[in-house]
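Participant: Here's my sequence, what's the structure:
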Amino acid sequence: MSAPIPPQRQPSAPKPPSHPDSRRQEANRALLVQAGLLGVTMLAFSLPLPFTLLAAVAGLTAVGVGIRSWLRLRPVRPPHGPAPQARSDAQTAGSRGDHSTAAPSPASGSADAAAVAFTRAMIGLGVVVAAAATVLSLSPLLAWDASIQFQQCLDSALTERSRASCQNGFESHVQRLVPAP
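Facilitator: Take a look at the predicted model:
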């Protein structure tokens, strides 16, 4: 007997173009995730000093999610095809009143594209805000000892005068670290 012939791999079918509603949902989901990470970043600023660095982690994650989402939501370019004047049977049927087989109108496609473009712009703005928050949250690392002393001083301060004294001590310590021009 002869050995069975192994089946040949079938080439995978090309991916169908994503539906505009799925692109809009994907864009909204990405914006929601990024907004949540930005919220965690802002809330972490109010934590005591060692935990403030959680803001940097959440900010970096928000930057990564934002960049990935921004790149994935590139504008969809229409494939090269017939001229816009050519009407398909589905569009002709839609103009006769039979809307069950009508293709989506170009206006709805442009509305979806506009919504995705707006969401993409908001994601880009979120990347900028998250990057700035990350840099700000990492600034205590530059003067770690002074930051820890300042945090301990503020924890024990009971009056506004003692808080001002903590602030002055922290500023003078940081000024000693930074060379004068």
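Participant: Residues contacting stretch 155-163, please?
Facilitator: Applying CB atoms under 8 Å, 6 or more residues apart in numbering, the contact partners of stretch 155-163 are 48, 153-154, 165-166. Where C-beta positions appear, they are placed from N, C-alpha and C, glycine not excepted.
Participant: go with 6 Å
Facilitator: When contacts are defined by CB atoms under 6 Å, 6 or more residues apart in numbering, stretch 155-163 is touched by residues residue 166.
Participant: Next, residue 46: phi, psi?
Facilitator: Main-chain torsions, residue 46, degrees, to the nearest 10: phi -90, psi 0.
Participant: so how far is residue 177 from it?
Facilitator: Residue 46 is 25 Å from residue 177, where distance means CB to CB, to the nearest Å.
Participant: same deal with residue 60?
Facilitator: 25 Å.
Participant: ok, those two, which is more surrounded?
Facilitator: Under the criterion of other CB atoms under 10 Å, the comparison of residue 60 against residue 177 puts residue 60 first, with 18 against 10.
Participant: Now for the residue lying closest to residue 61 once chain neighbours are set aside, how many residues are close by?
Facilitator: Once flanking residues are discounted, residue 61 sits nearest to residue 37: 5.4 Å by CB to CB, 6 or more residues apart in numbering. By other CB under 10 Å, the residues close to residue 37 number 23.
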